[in-house]
Each structure stands twice: as C-alpha cells, then as structure tokens.
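Enquirer: Based on what follows, work out the 3D shape:
(one chain, ligands or ions: 1)
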Amino acid sequence: MELVQNFIGGQYIASDSKNFIDIYEPATGEIYGQLKDSNANDINLAVSSAKTAFPIWSNLTVKERSVYLNNIADGIETRLDEFAEFESRDTGKPIALARSLDIPRSVINFKFFAEYANNFEFKFYLNSKTSQNYINRFPLGVVACISPWNLPLYLFTWKIAPALISGNTVIAKPSEFTPYTAFILGDVCKEAGLPPGVLNIVNGKGSTCGDLLVKHKEIKAISFTGGTSTGKVIFENSSNSLKKLSLEMGGKNPAIIFDDCDYELMLDNIVRSSFSNQGQICLCSSRLLIENTIYEKFKNDFSLKVSELLIGDPSKDETQFGSIASESHFQKVVSYIELVKKEGGKIILGGQKVELEGRCSNGWFIEPTIVEGLDPLSKVNQEEIFGPVVTLQSFKTEADVIEVANNTDYGLSATIWTDDIEKGERVAKQVDAGVIWINCWLLRDLRTPFGGVKNSGLGREGGDDAIKFFTEQKNVCMPV
Ligand code: NAD
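Expert: Numbering: from 1, shown residues only. Next up, the predicted model:
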C-alpha cells in the first residue's frame, strides 16, 4: 500500500494526523494507497518552512529563479512516462491523453513562465514635470495553490510556476482524489536543486487541510481551481484575512454550430470537446446548439462518431475513453442521467454504466451520453455535470442562439463554428464567456488571459495576469 506524504522544507514528512484517506484507482474501483488528512501542525510547519525560504528565494533574480523552473520542467520531462502512468491511474483518463496532454503541458507550464517572466517589467518609470516615480512589482510572500482532480499535474503546475517565478514561496494542495503526481513532483524538486521550503506540497481534504490554508493569517493569496460552490466558500472564509484571490470555477459551455461551418472539422472537434477526459475538462462543450437546417444530420453523424470511441482500460494505449474519476462523481453523473428522463429529455446515445471484463470490471465507467429534447432551463441544461453527458438543442436565428448560450449562471468558455468570420466575431462579442474559440477548441496561447465570467471565475490566469496576481506594486515618488 502506497503512502502519499507531504513534501515540506525539501523533504517528505510524515504527518501526525490520525486521519487516513484512501486513494482509489477509479478504473478498477480498488484502493492502491492512502494519504493523511493534514492538520494544523502540518500546515503550520509548511508555512514556517515557506516563510524561512522566502527571503532567499525572493532575493534571487528572475533569471536565477528561471534556472530552477527549467530544471523542474526537465525533471518531469525525463520521467514523462512514469508521470503519465500515475496520472492515468489516479484519474481513470486514457494513458495516451496523460502522455500527450497532461504531462507535456505540465512541462510547458514551468518552461513558459521561466521564459515569459524574463521579459515582464517588474520595475518601470513614470515621470512628469513635478514628480519622478518608479513602480516596483514585488512578490507577496507565502501563497497557496489549490487544484482539482480532473487535470491534476497540469493545473497544479499552472499555478505553482507563476507563483514561484514571481518570487513567492508556495504551499500547494492537490486534490485528495488524485495526489500521486504532485507527490512525486517533490522528488523532481529535490533533483532540480530547488532550495528547501520554496515549494511545499500538503495533502488532505478540502474541508480540513484546504480550509486551514484558506484561513491561515500568514498566507497572502489563494489561487484556486475547482467547483463554484467551493470557490464561494473560499471567498467567504478568506475574507477575514483579506487575501488576494484567484478563483477558476465551473462551466456549462455552449458550442454554437452554424450550418455554414467546415462540417468535418467541426464534427471531429465537437467529439473531442464533448468527451475528452470523459467530459471532465472545465472547458468541455456540454450544450451543443445546432442550426436547425443541419440538426438531424449533425445528430446522426455525431452519434455515430461518438459510438465509435474506444471505451476501456485507461492503461492501454489504444483506449480513447476511460473511467469517471471517483465513485462519488460517478454517482453524480448517474443522477443527472436519471434526471434527463424526469425532465422529459430523450437519451439518443449511451446513458448506461459500462461493464468491462477483467481488471476494470469494478471500475466507474459511464458511456458517452447524448441527450435531446430538454428545455433550455431544465436542470440538466443549467447545472454543471462535469461528465460525459451533452445535450443537443436546435436554433433558428443568431439572436435565439445567443440568448440560449447566455442563459446560464456560468460563463467560462464557448466555441463557435462558422466559415463566416464576421458572424463568428459578432456572436463572440455577445456571448458571456471568458474564453471563446472560433473554429477550434483548447487551442491555447499561454500569454492570453484565462478565466471565466459570472459564476465561472474571479480573476484571470496566464501571462501577465498570473504574474500580476502573484505580485504587489510599490510606487516610490520623488519631486523633480
Ligand atoms: P472541488 O471544488 O471539490 O475541489 C477543488 C480543490 O479544492 C480540491 O483540492 C479540494 O480538496 C479543495 N477544496 C474543497 N473544499 C475546500 C475548502 N472548503 N477550502 C479549501 N479548499 C477546498 O472541485 P473538484 O471536484 O476537484 O473539481 C471539479 C470542478 O473544478 C468542476 O466544477 C470544474 O469545472 C472545475 N474546474 C475549473 C477549471 C477552470 O479553469 N475554471 C479547471 C478545472 C476544473
């Protein structure tokens, strides 16, 4: 049985917590390890180690810090297959996806910020006839990064890299469901020569370990990615200590499909945007809005393509569609599939638990599911399912589709499919979302601001926004 430990002050440390949490491999339904639910002693130790490391780390130049980030990137890259294997085991995602998306992107996160910050203006001048000013950006101190289970190392490092390059020391908490790649990141940090205490990794439940981080007086900022209800709790619980907050939360993303789009390109991408990672990417399309002229054709072609996805053991190279990430999440997705019938919808594909033979016979697999006939205001069309369930709705006019697209509490991302770019941009302007893709999906330039509007987010990650979030400004003014 594996024991996942905290990484504090440059070494793995056994928590004195008495509370163990089982770690499951969702594809088999079996427990492979445990972690301890970190308590106040663990968090205080992590904070004190991060505080001790702060003066040394923050006094390095960006160039000096970037050497460590590049070393960490290289360390992950060297062990890419190992990381991918563990990521697939923890989440149930196909190993091919972990190998091609999750782990490479974790490498890029470190490399990108190492390079990007070298050209960021941490100091600039602003002079007038009466005053001369310089404005310095400086790190905040000890900051916390809290991440979810769907893209574990990818999102963990997306926060850690900008926090570190800006000169902060970090306490990072992965999801208790998927802690393993964060656990072995400690080894990589050691090998990279990262000074002890610069990055500390603590494990535990959100309501205990996460809550201790959120309320800790010495922690200056929380960068969080996860569900909207959790984000709201963090917002409230951090208010007493007036922390800086970056909240990346849920979505109910529309894909708007016009009849003048490049049909084959759209179809391939919609299959991907709907069902990659079993629909468990915050940016996945979950409401497909299709122009009525091509609705029936799309419905048939899409159902056929989705039915061809190879569902199976995530550890096999050929698998395209793996398991749901946990039993509790499996139950949640099943409950929404049941709700489809109660709300008068029709399941046109999937909707069943997948029964596999052998190693995965007790895993939490659900078929990719396509639904039609639901009211736009039904719960299934309004609430985030975060699983392999998409709904189809047809529309007649641009105005209609914009209204339906915007008719939820969320506003993370949207995709628009049309060959009329003017129309695409016109619609993009009116859709409430922080990220809009026209004729593509998940194409990312890491310099661009990333985040949502409405209940999907507060603040932006990526590029300048991330570095600005993890720094504060000081203006020094003198008379001319
Ligand atoms: P979650 O909110 O349950 O947990 C996310 C993290 O927060 C975990 O590490 C958890 O332990 C911690 N946490 C939970 N309660 C906490 C508390 N009270 N205080 C401090 N920390 C706490 O989310 P999840 O189920 O792990 O992930 C799925 C959600 O994440 C979905 O809603 C999805 O849309 C969202 N998500 C958003 C983005 C984005 O960029 N907007 C990206 C990925 C996932």
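Enquirer: Going by C-alpha atoms from here, please, whenever you check contacts or count neighbours.
Expert: Will do.
Enquirer: Residue numbers of this structure in contact with the ligand?
Expert: Listed as neighbours of the ligand in the chain under the rule C-alpha under 6 Å from any ligand atom: 146-149, 173-176, 205-207, 210-211, 214, 225-228, 230, 233-234, 248-251, 281-282.
Enquirer: Mind checking which of those residues land in helices?
Expert: If you go by DSSP state H, those have Asp211, Val214, Thr228, Thr230, Val233, Ile234 in helices.
Enquirer: Going by neighbour count, which of those comes out on top?
Expert: Most neighbours among those, by other C-alpha atoms under 10 Å: Val214, with 30 neighbours.
Enquirer: wait, that one sits on Lys220?
Expert: No - using C-alpha atoms under 8 Å, Val214 makes no contact with Lys220, being 9.4 Å away.
Enquirer: what's the overlap in contacts for these two?
Expert: Common neighbours of Val214 and Lys220 (criterion: C-alpha atoms under 8 Å, 6 or more residues apart in numbering): Ala144.
Enquirer: Go through the ones in helices among the residues of the chain next to the ligand and name the one nearest Gly434.
Expert: Closest approach to Gly434 among those (C-alpha to C-alpha): Thr228, at 15.3 Å.
Enquirer: Report the buried residues of the helix or strand that contains Arg89.
Expert: With secondary structure defined by DSSP states H and E, Arg89 is part of helix 80-91. The neighbour-count check on helix 80-91 (16 or more other C-alpha atoms under 10 Å) flags Leu80, Phe83, Ala84, Glu85, Phe86, Glu87, Ser88, Arg89, Asp90, Thr91 as buried.
Enquirer: What separation is there between the residue lying closest to the second one once chain neighbours are set aside and Gly462?
Expert: Leaving out its chain neighbours, the residue that sits closest to Phe83 by C-alpha to C-alpha, 6 or more residues apart in numbering is Thr181, at 6.1 Å. Plainly put, Thr181 is 22 Å away from Gly462 if you go by C-alpha to C-alpha, to the nearest Å.
Enquirer: repeat for Gln393
Expert: According to C-alpha to C-alpha, Gln393 and Gly462 sit 33 Å apart.
Enquirer: what's the first-to-last distance across stretch 171-190?
Expert: Chord length of stretch 171-190, first to last residue, is 16 Å (C-alpha to C-alpha).
Enquirer: So which bits of it are buried?
Expert: 171-189.
Enquirer: And for stretch 381-398?
Expert: Applying 16+ other C-alpha under 10 Å to stretch 381-398 flags 381-395 as buried.
Enquirer: Any stretches of this protein with poor pLDDT?
Expert: Within the chain, no range satisfies pLDDT under 70.
Enquirer: what's the nearest residue to the residue nearest the centre of it if we skip its chain neighbours?
Expert: What sits nearest the mean C-alpha location of the chain, by C-alpha atoms, centre = their mean, is Leu155, with 4.7 Å. Spatial nearest neighbour of Leu155, chain neighbours left out: Ser147 (6.3 Å); criterion: C-alpha to C-alpha, 6+ apart.
Enquirer: Need the nearest residue in space to Ala46, chain neighbours excluded.
Expert: Of all residues not flanking Ala46 in the chain, Ile8 sits nearest, at 5.6 Å (C-alpha to C-alpha, 6+ apart).
Enquirer: Who does the one you found form a beta bridge with?
Expert: Using DSSP bridges, the beta-bridge partners of Ile8 come out as Gln11.
Enquirer: Verify the stated contact: it with Gly197.
Expert: Yes - using C-alpha under 8 Å, Ile8 is in contact with Gly197, at 6.2 Å.
Enquirer: For Ser223, see how far away Val427 is.
Expert: The gap separating Val427 from Ser223 is 31 Å, by C-alpha to C-alpha.
Enquirer: out of these two, which sits in the busier spot?
Expert: Counted by other C-alpha under 10 Å, Val427 and Ser223 do not tie: Ser223 has more neighbours, with 25 against 18.
Enquirer: Paired strands for the host helix or strand of the more buried one, with orientation please.
Expert: Under the criterion of DSSP H and E, Ser223 resides in strand 219-225. Strand pairing for strand 219-225, using DSSP bridges, gives strand 142-146 (parallel), strand 244-248 (parallel).
Enquirer: Return the distance of the last one from the chain's centre.
Expert: In this case it means strand 244-248. Distance, stretch centre to chain centre, for strand 244-248: 13 Å (C-alpha atoms, centre = their mean, to the nearest Å).
Enquirer: List of residues touching it?
Expert: Counting contacts by C-alpha under 8 Å, 6+ apart, the residues outside strand 244-248 that touch it are 220-226, 231, 235, 451-452, 456-461, 469.
Enquirer: Show me where the stretch 251-400 of the chain has its helices.
Expert: Assigned by DSSP state H, counting those that start in this stretch, the stretch 251-400 of the chain shows helices spanning 263-275, 295-307, 327-342, 379-382, 398-406.
Enquirer: of all those, which lies closest to Val47?
Expert: Between Val47 and the helices of the stretch 251-400 of the chain, the shortest separation by C-alpha to C-alpha is 31.5 Å, and it involves helix 327-342.
Enquirer: Go through that closest one and flag the buried ones.
Expert: Residues of helix 327-342 classed as buried by neighbour count (16+ other C-alpha under 10 Å): Glu327, Phe330, Val333, Val334, Tyr336, Ile337, Val340.
Enquirer: Next: stretch 147-156.
Expert: Using 16+ other C-alpha under 10 Å as the burial criterion, the residues of stretch 147-156 that qualify are Ser147, Pro148, Trp149, Asn150, Leu151, Pro152, Leu153, Tyr154, Leu155, Phe156.
Enquirer: nearest to the ligand, of these?
Expert: Lowest distance from the ligand to the buried residues of stretch 147-156 (C-alpha to the nearest ligand atom) belongs to Pro148, with 3.5 Å.
Enquirer: The closest one contacts Ser223, correct?
Expert: No - counting by C-alpha under 8 Å, Pro148 stays clear of Ser223, with 11.6 Å between them.
Enquirer: quick one, longest helix in this protein?
Expert: Criterion DSSP H: the longest helix present in the chain is helix 40-59.
Enquirer: Gly210 is in contact with Asp37, correct?
Expert: No - applying C-alpha under 8 Å, one finds Asp37 not in contact with Gly210, separated by 9.8 Å.
Enquirer: Quickly list what's touching both of those two.
Expert: Gly204.
Enquirer: tell me how far stretch 251-258 is from the chain's mean position?
Expert: Mean C-alpha position of stretch 251-258 versus that of the full chain (C-alpha atoms, centre = their mean) differs by 19 Å.
Enquirer: Check what contacts whatever helix or strand Tyr32 lives in and list those residues.
Expert: Here Tyr32 sits within strand 30-36, counting by DSSP H and E. Residues outside strand 30-36 that contact it (C-alpha under 8 Å, 6+ apart) are 1-5, 15, 17-25, 176, 203-204.
Enquirer: Just the buried positions in it, please.
Expert: Residues Gly33, Gln34, Leu35, Lys36 are the ones in strand 30-36 that count as buried (16+ other C-alpha under 10 Å).
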